[in-house]
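> what's the 3D shape of this:
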Amino acid sequence: MSDHSHDDHGHAATAVAPLDTLRFEKQELQFFDDEDRAAGVAIFKLLASFFCILLTLMVGVTTWMCFNANASDDPQAGVGAAYHTEEH
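Residues are numbered from 1 along each chain as shown. Sure thing, here's the model as predicted:
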């Protein structure tokens, strides 16, 4: 075999940049902060609107179910069957 280990491959390709080049400027940090804040506000508005829409739908369905509930104890009877008379 060879005397070279697997760790010797790719050292030139994976050279780490000095830490001074990885730092952001104050304008960039402010831009990132503003973008994060805008994204947070947008997500909050989206979730709040979903909550309001779903709450409205649940209240509407619950109200409809209360007014259109089956008054009969017969599980095979249709909705509103107790209100119809047997005149046939």
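> Mind checking what helix or strand follows the one helix or strand in the chain whose mean pLDDT sits lowest in sequence?
In the chain, no helix or strand scores lower on mean pLDDT, DSSP states H and E than helix 19-22, which sits at a mean of 63. Under the assignment DSSP states H and E, the closest C-terminal helix or strand after helix 19-22 is helix 26-67.
> What average pLDDT does that following helix get?
Helix 26-67 carries an average pLDDT of 95.
> and that helix, what does it pack onto?
Other helices and strands packing on helix 26-67, by 3 or more CB pairs under 8 Å, 6 or more residues apart in numbering; DSSP states H and E, are absent; none qualifies. Every C-beta, even on glycine, is put in place using the N, C-alpha and C of the backbone.
> host element of residue 72?
Counting by DSSP H and E, residue 72 is found in no helix or strand.
> count of neighbours near it?
14 (other CB atoms under 10 Å).
> just residue 58 next, same as before
Counted with other CB under 10 Å, the neighbours of residue 58 add up to 10.
> when you give positions from now on, start the count at 8
Okay, using 8 as the starting number, the last item reads as residue 65.
> How much space separates it from residue 72?
Using CB to CB, to the nearest Å, residue 65 is found at 11 Å from residue 72.
> ditto for residue 52
For residue 52 relative to residue 72 (CB to CB), the value is 30 Å.
> go on, residue 42?
45 Å.
> do the same with residue 81
For residue 81, the distance to residue 72 - CB to CB - is 18 Å.
> what's the answer for residue 35, then?
The value you get for residue 35 to residue 72, if CB to CB is used, is 55 Å.
> Equivalent analysis for residue 41, please.
Taken as CB to CB, the span from residue 41 to residue 72 is 47 Å.
> Reduced to three states, what does residue 76 come out as?
For residue 76, the secondary structure call by DSSP: H, G, I helix; E, B strand; the rest coil comes out as coil.
> residues contacting it?
By CB atoms under 8 Å, 6 or more residues apart in numbering, residue 76 lies in contact with nothing.
> again, but for residue 49
Counting by CB under 8 Å, 6+ apart, residue 49 has no contacts.
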